[in-house]
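Novice: Provide a 3D model corresponding to the input given below.
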Amino acid sequence: MTDRDWVLAEVERYWREAGLSTEDVSEMRTELDQHLSEALMNGRTVDDVIGDRARFAESWAAARRGRPVVRWADVQSGKTRRDRDTRRDLIFYGIASGALLIAAFAVARQGGDQVENELWRWLWTIFAVVMGIGEIFTAGFFLLPFAIGATAAAILAWLNVVVVAQWLVFFGVSIFSLAYLRRFIGRQDEAEQPRVGANRWKGELGIVLHDIDPHAGTGMVRVLNEEWRATAPQPIPAGAQVIVVDVHGARLVVEQLQS
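Specialist: Residues are numbered from 1 along each chain as shown. As a prediction, this is how the structure comes out:
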């Protein structure tokens with residue numbers, strides 16, 4: 001694969017991740033391909049035409065959209081994809097937890113039993129404290145959502161709200177808290193696994209040198225100027241363009257780019 005092909009593939013992937021329409025991306029790629037072809041015919045290099053790839057791709061995308069776009073570095077690291085997944089999860093879990101809270105509000109209007117709530121207010125309070133202490137010693141934000149949900153339920157119990165509403169609020173608040181805290185879990189994982197050594201290849205483009213067969217455990221790719229053994233969820237033929245999505249030991253995990 002030539003340097004021009006690398007540039008076209010990288011810039012096109014960035015434009016798609018930046019939110020440009022398929023029509024815009026196709027038109028911009030065609031125009032860039034023409035400029036690069038003319039430059040190479042005249043003895044110039046790819047860098048002579050575009051200079052810094054990140055600045056070139058960002059400025060053109062911003063000019064086409066008429067507003068700032070995501071950073072090149074964020075796309076290369078996969079941050080934009082993770083942020084998009086987080087927003088989708090927040091919407092889904094927000095709707096689910098909202099439905100539970102609305103149901104809890106409707107049930108709460110009936111009022112609760114004083115004697116029954118005497119037990120539940122202490123159960124919720126103890127559960128919230130235990131989950132909070134457990135989060136301190138385990139970390140990872142796994143127990144914290146349940147501590148928050150139990151705290152909300154405990155407040156309702158002390159206000160003498162019916163037990164059914166307490167459970168609905170517990171589930172609703174816990175679900176939403178879990179979805180919201182996922183963004184911090186992702187950041188924590190990134191901090192614990194910096195992009196050093198082989199991890200620096202995540203998000204890079206590569207070319208398959210030898211067929212990748214996940215069942216036979218064979219496959220070789222070239223990323224920039226280095227060759228790596230590679231694996232993939234599906235077979236990928238030699239010559240296909242791929243992107244590195246993960247690193248397992250001394251092997252790169254790749255996915256084929258769709259042409």
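
Novice: Might you report the residue contacts of the closest residue in space to A147 that isn't next to it in sequence?
Specialist: Leaving aside its sequence neighbours, A147 sits nearest to M131 (CB to CB, 6 or more residues apart in numbering; 3.6 Å). Any C-beta I mention is one placed from the backbone N, CA and C, and that applies to glycine too. By CB atoms under 8 Å, 6 or more residues apart in numbering, the residues touching M131 are L143, L144, F146, A147, A150.

Novice: Which ones among these lie within helices?
Specialist: Within those, residues falling in helices by DSSP state H are L144, F146, A147, A150.

Novice: Check the gap between the nearest residue to G217 once chain neighbours are set aside and A57 for me.
Specialist: Distance criterion CB to CB, 6+ apart; nearest residue to G217, sequence neighbours excluded, is T231 at 7.1 Å. For T231, the distance to A57 equals 29 Å [CB to CB, to the nearest Å].

Novice: Which parts of this protein are helices?
Specialist: Under DSSP H, the chain gives helices at 3-17, 22-41, 46-50, 53-65, 72-77, 79-108, 114-138, 144-158, 163-192.

Novice: so of those, which one's packed in deepest?
Specialist: Ranked by mean neighbour count, the helices of the chain are led by helix 144-158 with a mean of 22 (mean count of other CB atoms under 10 Å).

Novice: which one among the contacts of M131 gets closest to W122?
Specialist: Nearest to W122 among the contacts of M131 is A150, at 11.7 Å by CB to CB.

Novice: quick one, what contacts the nearest residue to the closest one once chain neighbours are set aside?
Specialist: Spatial nearest neighbour of A150, chain neighbours left out: A128 (3.7 Å); criterion: CB to CB, 6+ apart. Applying CB under 8 Å, 6+ apart to A128 gives the contacts A147, A150, T151, A154.
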